[in-house]
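Q: With the sequence up front, the predicted model follows.
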Amino acid sequence: MVLYDTAKLKHLSAHKIGNKTNGEDLIASRSELEIADEGREQLISYFLKSFTSEEYYHLSSTDGDFQLNPLYQFAKDVFESGKQFHNRSVSIAKHLYEVSLHPQIKSGDLFVALFANVLVDGEKTDVLGIFKSESKSSILKLTSQSKGEFELSFDEGISLEKLDKACLIYNLDEDSGYRVSIIDRSSKSSDAQYWRELFLRVVPVNNHFQATLNVLDITRHYVADQITEEFDLSRADQLAYLTKSIDYFKKHDEFNQREFENEVFEDPELIKSFRKFDNNFREQLDLEREDSFTISAEVVKKQARVFKSVLKLDKNFHIYIHGDRELIERGVEKDGRKYYKIYYTNEL
């Protein structure tokens, strides 16, 4: 987690980034921005307050060598000498401009900042921040022209409520490509991937956040895509396994692979099938295995939205399954109509 209570904003530069494919220009500033003392705290809050996630990345490249990533060298130069800051901010702007090729990529304002004394997971460090604002907010101004007379006007500016696209490069893990945090509020469409995949080029850090995400992701794919290929299970059975898997993570602080398998799948044949799927999934995506780790509550909260326990029957009924699968019985009438019988104690 990033804490900015002790952070100092040392340098700040701004540039205009157009879309190269659409014939828009890059306008690089000649010098750093002058910042009034009364505005520094507000800027620090605007730039850093949204970075609350435990999810970290490392800079990489298409060849897997982080030293080939332009941002790695730009950050290294800035961390080694603050005098390099503005020139490197221009280099960052040029790099972003060169990858802004999809015609749907929006033009915007690019801010590059250098912070000192940022607390990251208990450790104070320098941080290079890169922020792109792609949207404007309307501003209503009421000004006094003379005694008892006012004038109403409209303007547009950058909203201080949220960041569109941002990253923080921490002066930590230099030998692994620096530690990085990312914000990208755009959609998941192909034109939106340029920030993460073309500009930043990052890979996830294998920490407890990623380990939690991996297990939940593998389990969801196994239950949704594989389990019914090998076993005769109903949709209600599938949903029950999804519920049991997310419940395990909600109830435990520490993950244990064998304990998880026994609590969720119970049956030896199911466990054997899951392990095989798990191994193949990790091998295909080159994911590391950790048989035990501290569970990330942040990941569990996010993934709980994906693990939906909703049984949809035609267009007539939705049944939410939150508990004991044994209270639901499936059958088929003589005329071929399918049914579920539900047992309960109290009607709430």
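A: Everything's here; your move.

Q: how many neighbours does the closest residue in space to Asp77 that isn't next to it in sequence have?
A: Once flanking residues are discounted, Asp77 sits nearest to Gln84: 4.5 Å by C-beta to C-beta, 6 or more residues apart in numbering. C-beta coordinates here come from the backbone N, C-alpha and C atoms, glycine included. Neighbour count of Gln84, defined by other C-beta atoms under 10 Å: 15.

Q: again with Phe131
A: 24.

Q: Looking at the residue lying farthest from the centre of the chain now. What's its pLDDT?
A: Distance from the C-alpha centroid of the chain, by C-alpha atoms, centre = their mean, peaks at Lys147 (51.8 Å). pLDDT recorded at Lys147 is 71.

Q: Pop out the phi and psi values for it.
A: Dihedral pair for Lys147: phi -60, psi 120, per degrees, to the nearest 10.

Q: contacting residues around it?
A: For Lys147, the contact set (C-beta atoms under 8 Å, 6 or more residues apart in numbering) is empty.

Q: still on that earlier bit, the residue nearest to Asp77 reaches Val78, doesn't it?
A: Yes. The pair Gln84 and Val78 qualifies as a contact (C-beta atoms under 8 Å) at a distance of 5.6 Å.

Q: any weak-confidence spans in this protein?
A: Residue ranges of the chain with pLDDT under 70: 187-192, 307-330, 340, 343-344, 347-348.

Q: Verify the assumption that Glu283 is located in a helix.
A: Yes. Counting by DSSP: H, G, I helix; E, B strand; the rest coil, Glu283 falls inside a helix.

Q: Give me the buried positions along stretch 90-109.
A: 90-93, 95-97, 99-100, 102, 105-108 (16 or more other C-beta atoms under 10 Å).

Q: residues in contact with Thr21?
A: By C-beta under 8 Å, 6+ apart, the neighbours of Thr21 are Ser100, Leu101, His102, Pro103, Ile105.

Q: One more pass at 6 Å, please.
A: Leu101, Pro103 (C-beta atoms under 6 Å, 6 or more residues apart in numbering).

Q: Would you confirm that it belongs to a strand?
A: No. Thr21 is assigned coil when assessed by three-state DSSP, not a strand.

Q: List phi and psi for it.
A: Backbone phi and psi, for Thr21 under degrees, to the nearest 10, turn out to be phi -60, psi -30.

Q: For Ile92, see how far away it is.
A: Thr21 is 20 Å from Ile92, where distance means C-beta to C-beta, to the nearest Å.

Q: thinking again about what came up before, out of the buried residues of stretch 90-109, which comes closest to Ala240?
A: Nearest to Ala240 among the buried residues of stretch 90-109: His102, at 42.6 Å, using C-beta to C-beta.

Q: and the closest residue to Val205 other than its chain neighbours, how many neighbours does it have?
A: Closest residue in space to Val205, ignoring its immediate chain neighbours: Tyr56 at 4.2 Å, by C-beta to C-beta, 6+ apart. By the criterion of other C-beta under 10 Å, Tyr56 has 23 neighbours.
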